[in-house]
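Enquirer: Model the following, please.
(chains A and B)
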Amino acid sequence: MIARPKARLLHVENLSIAFGSMPVVKNVSFALDEGEILGLVGESGSGKSITCRSLLGLLPRNASVGGKIGFEGRDLLGLSSEEMRTIRGRDISMVFQNPSSHLDPLMTLGGHVMEPLRHHFGQTSKEARQNAIDVLRSVQINEPERRVDAYPHELSGGMKQRGMIGSATASRPRLLLADEPTTALDVTVQARILELMRELNRSHGLSIVFVSHDLAVVAELCHRVVVMRHGEIVEEGPAREILRSPRHEYTKLLIDSQPSSLALPPIVRKHKAETPLIEVERLSITYSKPSVLPGIRKDAVCALQEASLTVEAGESLGIVGESGSGKSTIARAIMRLVEPSGGEIRFRGRNIATIRGAELAVYRRKVQMVFQNPFDSLNPRMRIVETIAEPMVRHGLATRAQALERARGLMRQVELPLELADRKPRQLSGGQCQRVGIARALALDPEVLIADEVTSALDVTIQAQILRLLQRLRSERHLTVIYISHDLSVVRKFCDRIAVFRAARLVELGSAEAVFERPQESYTRLLLESAPRFERTLELAGASDE
Amino acid sequence: MPFLFALGQRLLQLIPVLIGISVVSFLLVQLSPGDPIRLLLGDRATAEAVAQLREQYGFDRPLIVQYFSYVSNVLQGDLGRSIRYQLPVESLILDFLPPTLFLIGYVVAISVPTTVVLAIVSARCRDRWPDHLIRAAAILGMTIPVFWLALMMSRLFGVELGWFPVSGYGDGFVGHLHHLFLPAISTSTWLIPLLLRNLRAALINESESDYVTASRSKGLGEGYIFRRHVLVNSVLPTLNLLGVMIAFLIGSSVVVEIIYAVPGLGTLMVSAVLGRDYYVIQGLTLFYAIATVIVTLTIDILSAMIDPRVKL
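Expert: As a prediction, this is how the structure comes out:
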């Protein structure tokens, strides 16, 4: 774990970047030794990604860059674009956040890996292909001889990211820039990618600049950490020192906002009702593409298989799983947005599939949903107060004037300043938009709130605020919350009971404590082990200090 | 093999389409005003003569029986007989087809390379003077009515300067090229801008995509990135548009064919409509529909060959 620093590899001095007259990075200085992994941490708008891209000269044309980027005794900022091109992909290369969009869909995985080899070393396509297979094997892709000819759409997200790491490390660079390389991936995949990067660092002495918003990931992987905020460095030092005893207020805030260290007010629940509020019994859902010939269905995808669970009134049930596990499908089924192909869902003992007409409208009012993407789920042309008032008018619960008045009341409840009432969604931050989404869901006075990954698009400090808000609303309004998330630490903090889904099946269901402390299923254990956990890393680091 | 299998499936899917086409083209004659028998015999024919011919053509039988005999005729390559030319419709179509096909091939041969070159120049010089120039010319080309441009060009280059013939199809390959030059240019004048704008937008869109940044981070040259990544990813939408336009051209080369007196399908269609030559109209309708289906299928096959994500 502890790398012996050899020589200085990268030296950034007074780096300033501005777009037009707007400064985004201000006087940033840091250094990286050979064989070191440096974490660049910050929230959105902190300038961490821009800093990372400037190291390779990949900024948009309208960016003006000042300062010095020393790499092996040369100032990268002083190089011509021709000279810079010989460094890119050969001495310094980069891995990006979203592997799907950063791979050319019309080029095979092998083609991507072969490109730098052919370009920088003039290898023939035969040599490059053989080397590409070796590279793919070194990034732990199974059956590299076959995968080398696979197109990106034929591969999973983790495999694509491995391929991208392969194409970045094919020419054995000295420095790898990794810009949020695991953010778009599931936790178990993330764990393996992090392990791969650690392995490349250990065996090839590859130095890495690792950009991330996730403190827990950085804590696990990096030797040293630079914390950025508003384009400036607020704190810098060895990872475990900074994370254990942060000096700067902002670093402290970041650490306190980590779901695992978050303090949520306790909930006082009314005594248990006799029957559960929602009963899901042997629910199966199949999506299928209609075939050309009527009657024959092909390509049926089973999204959920015989899942049974109950939701008690007033509780908060966490639904956890990776992409494609069926966790959102069950929420959509409860909302009656998809028809079950088997089994049933009962609300207060009544099968919701049989609810019709006016009663259905009532049911829809009682079960409301908040969505993942705060911007996309709001109508961009509607004022905030109208957005919140709209469902009340639509359901005929109030006149327009009354609804607008109540909407203002709801804005107060979700702690949105009333000045924002007449703004449009684009003028609000992500956290504020998510509050609007919550207020809109509360407008119909629901009993059940389904929150689908509501904080995964938000910064960790904002996530902490939203979780506190949800917790407060839960106890004030006696809301039942179904919280869907891929983030185990959030679910553990926020939920009373947890359902773990995997590949369309419910694999484990139990109280939050039981699931986390005594997981019964091997998959749950794998999930728990994969999730980067802040305290555990610190404990481990503490142990290795002794 | 999976490719052939998918192709087979696609061809199977065409069966309902072809049935639909045959029903429409069959009903065309049945539902159109006027009696083809009367047309054939003239207004002064006796009622007996009309009834006799009606029986001979089978018009007295139930509609469904007539439909099946129509389909079975079509399957045997018999599209009926032209009332005006007194020739089988299929041989008429085959006679008039070559000039139209040649014209379309000519238009494509002019338009596609020009479009690709201009779009690349335009996209690479985005918002600089070559781009502005090309875009302004494109708008001009799209807004000039084809009939007006065709008339002006035939007058100037054909009549005044005498560089090009103003009518006919010519003899031999060179003769065809010479005779159809003005019609092809007139058509390309509106086709190129259409394709150009489409391709330019795609090129600009693709050149801003993430995989281009990723390619830059590998130290690849701009020219290579443009050729190997941007261009290949951009051609698909334009290829599809080209397919639609070709299908459209087969049926709508009427204007230029009439103005330049090219003996093509458009000319045949107009004379058939004016002369109420129902069987020719019916045969042409069927032919246009099938040609459209074939062009679309070809474009889909090409798309699937370029893009591994596209399934037939």
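
Enquirer: now the chain, which segments are flagged as low pLDDT?
Expert: Chain wasn't specified; assuming chain A. Confidence mapping of chain A against pLDDT under 70 gives the ranges A:1-6, A:268-274, A:289-299, A:535-546.

Enquirer: Switch to chain B, please.
Expert: Along chain B, the model assigns pLDDT under 70 to residues B:1, B:33-36, B:39-40.

Enquirer: Show me which residues of it sit near chain A.
Expert: Within reach of chain A by CB under 8 Å from any CB of the partner chain, chain B has these residues: B:9, B:12-13, B:209-211, B:213-221, B:224, B:228-229, B:232-233, B:306-309. Every C-beta, even on glycine, is put in place using the N, C-alpha and C of the backbone.

Enquirer: Could I have the buried ones of those as ChimeraX selection syntax?
Expert: Buried members of these, defined by 16 or more other CB atoms under 10 Å in any protein chain shown, are picked up in ChimeraX with:
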select /B:209,210,211,213,214,215,216,217,218,219,220,228,229,232,233,307,308
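
Enquirer: Among the residues of chain B next to chain A, which lie within strands?
Expert: Applying DSSP state E to those, no entry is found in strands.

Enquirer: Now intersect the residues of chain B next to chain A with the helices, please.
Expert: Among the residues of chain B next to chain A, DSSP state H puts B:9, B:12-13, B:210-211, B:213-217, B:224, B:232-233, B:306 in helices.

Enquirer: ok, those residues vs B:Phe173, which is closest?
Expert: Using CB to CB, the shortest approach to B:Phe173 within those belongs to B:Ile306, at 30.3 Å.

Enquirer: The closest one contacts A:Leu106, doesn't it?
Expert: Yes: with contact defined as CB atoms under 8 Å, B:Ile306 reaches A:Leu106; the gap is 7.1 Å.

Enquirer: tell me which element the closest residue to B:Ile306 other than its chain neighbours falls in.
Expert: In space, B:Ile306 comes closest to B:Leu236 once its chain neighbours are excluded; the distance is 6.3 Å by CB to CB, 6 or more residues apart in numbering or on different chains. Using DSSP states H and E, B:Leu236 falls within helix B:232-252.

Enquirer: how far off helix B:210-217 does that helix point, in degrees?
Expert: Orientation note: helix B:232-252 sits at an angle of 140 degrees relative to helix B:210-217 (axes from the mean of the first three to the mean of the last three CA atoms, to 10 degrees).

Enquirer: Pull out the C-alpha coordinates of helix B:232-252 and format them as PDB.
Expert: Provided in PDB are the C-alpha atoms of helix B:232-252 (Å, rounded to 0.1, in the frame of the first residue of the first chain):
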ATOM      1  CA  VAL B 232     -18.000   6.900 -40.300                       C
ATOM      2  CA  ASN B 233     -20.300   7.700 -37.500                       C
ATOM      3  CA  SER B 234     -21.900  10.600 -39.400                       C
ATOM      4  CA  VAL B 235     -22.800   8.900 -42.700                       C
ATOM      5  CA  LEU B 236     -25.600   6.800 -41.400                       C
ATOM      6  CA  PRO B 237     -28.300   9.400 -41.000                       C
ATOM      7  CA  THR B 238     -27.400  10.900 -44.400                       C
ATOM      8  CA  LEU B 239     -27.400   7.400 -46.000                       C
ATOM      9  CA  ASN B 240     -30.900   6.900 -44.800                       C
ATOM     10  CA  LEU B 241     -32.000  10.300 -46.100                       C
ATOM     11  CA  LEU B 242     -30.400   9.500 -49.400                       C
ATOM     12  CA  GLY B 243     -32.500   6.300 -49.600                       C
ATOM     13  CA  VAL B 244     -35.700   8.200 -49.000                       C
ATOM     14  CA  MET B 245     -34.700  10.700 -51.600                       C
ATOM     15  CA  ILE B 246     -33.900   8.100 -54.200                       C
ATOM     16  CA  ALA B 247     -37.200   6.400 -53.600                       C
ATOM     17  CA  PHE B 248     -38.800   9.800 -54.000                       C
ATOM     18  CA  LEU B 249     -36.800  10.600 -57.200                       C
ATOM     19  CA  ILE B 250     -38.100   7.400 -58.900                       C
ATOM     20  CA  GLY B 251     -41.600   8.700 -58.700                       C
ATOM     21  CA  SER B 252     -41.000  12.400 -59.000                       C
END
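
Enquirer: Give the next helix or strand downstream of that helix.
Expert: Following helix B:232-252 in sequence order, the next helix or strand is helix B:254-259 (DSSP H and E).

Enquirer: Now tell me what touches that following helix from outside.
Expert: Defining contact as CB atoms under 8 Å, 6 or more residues apart in numbering or on different chains, one finds that helix B:254-259 is touched by B:99-100, B:103, B:146-147, B:150-151, B:154, B:183, B:186-187, B:262, B:264-267, B:269-270.

Enquirer: Which residue does the stretch 51-200 of chain B have closest to chain A?
Expert: Closest to chain A within the stretch 51-200 of chain B is B:Arg126: 11.1 Å, counting by CB to the nearest CB.

Enquirer: number of nearby residues for the residue lying closest to that residue once chain neighbours are set aside?
Expert: Nearest residue to B:Arg126, sequence neighbours excluded (CB to CB, 6+ apart): B:Ile204, at 6.2 Å. B:Ile204: 18 surrounding residues under other CB atoms under 10 Å in any protein chain shown.

Enquirer: quick one, what contacts A:Met164?
Expert: Residues near A:Met164 by CB under 8 Å, 6+ apart: A:95-96, A:99, A:102-103, A:112, A:181, B:214.

Enquirer: Lovely, talk soon.
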